[in-house]
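Chemist: structure, please.
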Amino acid sequence: MQPVAYWAQVATALGIPDPAWLYDRLAPHAGELAIAGGAGDCGGAVDSLLAGLAWRLGRLDEAAEHAQAGLALDTRVGSQIWINRTKDLINRIAAARAHVHTRDQIAAAAHAGTVSAARPAEAVTAAAFELSARELEVARLVADGLSNPAIASALFISVPTVKTHVSHILAKLGLESRVQLASWVAGHDLGPAAPVRT
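Modeler: So this is what the prediction gives:
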């Protein structure tokens, strides 16, 4: 189980190797401890590893359950390194759940027609081609409910640069708010957002 535990930590951080394959290998060991290597921070509760993999796979409710179970075991063991790592994961899972909730609310409002567009649909669709690749990335992340600092971190740019991109995007599309932008993105197939750096 040691190599799988090690690679689970890598997959949680990078998304590779395949988190689903690793999850399936570790799932039978839920409730156990995994030691991967000789350093004190390599290992912890298998549930914490499963939580990271579930988070990476977008299975956020499952991730939250595993994280709580992992924190309980890490706490019983008393490893502050493992406890801190699991608490950090719990915070990332909570943030991801909040983003999904916000995105779902925005999409529901757009579907219900309660978020108005500033321009007719034909003009807005044509405007998408005026956006740079970076502006499209920023627009996708705004639609996912990320804050300017979170977008800056995800794209390795500064917060003022994010603000400038958002301002340019709104101007190009004739929109007045991030909510309208999120609604616009929800109505257009822009492809997936870039993975968020953690």
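Chemist: pLDDT-wise, which helix or strand of this structure ranks last?
Modeler: Scoring the helices and strands of the chain by mean pLDDT, DSSP states H and E places helix 121-127 at the bottom, with a mean of 45.
Chemist: helices or strands up against the helix or strand that that helix is followed by?
Modeler: Proceeding C-terminally, helix 121-127 gives way to helix 133-143 as the next helix or strand, assigned by DSSP states H and E. Applying 3 or more Cβ pairs under 8 Å, 6 or more residues apart in numbering; DSSP states H and E, one finds that helix 133-143 contacts helix 148-155, helix 159-173, helix 178-186. Glycine gets a C-beta too; all of them are placed from N, C-alpha and C.
Chemist: buried ones in the first one?
Modeler: By that I understand helix 148-155. Using 16 or more other Cβ atoms under 10 Å as the test for burial, helix 148-155 gives 148, 150-155.
Chemist: mind giving me JSON lines with these and columns for distance to residue 62 and pLDDT?
Modeler: Shown next, in JSON lines, are these (distance: Cβ to Cβ, whole Å; pLDDT from 0 to 100):
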{"residue": "148", "distance to residue 62": "30", "pLDDT": "91"}
{"residue": "150", "distance to residue 62": "23", "pLDDT": "88"}
{"residue": "151", "distance to residue 62": "26", "pLDDT": "90"}
{"residue": "152", "distance to residue 62": "29", "pLDDT": "89"}
{"residue": "153", "distance to residue 62": "25", "pLDDT": "86"}
{"residue": "154", "distance to residue 62": "23", "pLDDT": "85"}
{"residue": "155", "distance to residue 62": "28", "pLDDT": "88"}
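Chemist: list just the nearest of the residues you listed to residue 15.
Modeler: Compare each of the buried residues of helix 148-155 with residue 15 using Cβ to Cβ and the shortest gap goes to residue 154, at 13.2 Å.
Chemist: quick check: that closest one vs residue 134, distance?
Modeler: 12 Å (Cβ to Cβ, to the nearest Å).
Chemist: over to residue 33?
Modeler: To residue 134, residue 33 is 44 Å away according to Cβ to Cβ.
Chemist: try residue 72
Modeler: 43 Å.
Chemist: residue 147 now?
Modeler: For residue 147, the distance to residue 134 equals 18 Å [Cβ to Cβ].
Chemist: same question for residue 168.
Modeler: 10 Å.
Chemist: do residue 145 as well
Modeler: For residue 145, the distance to residue 134 - Cβ to Cβ - is 19 Å.
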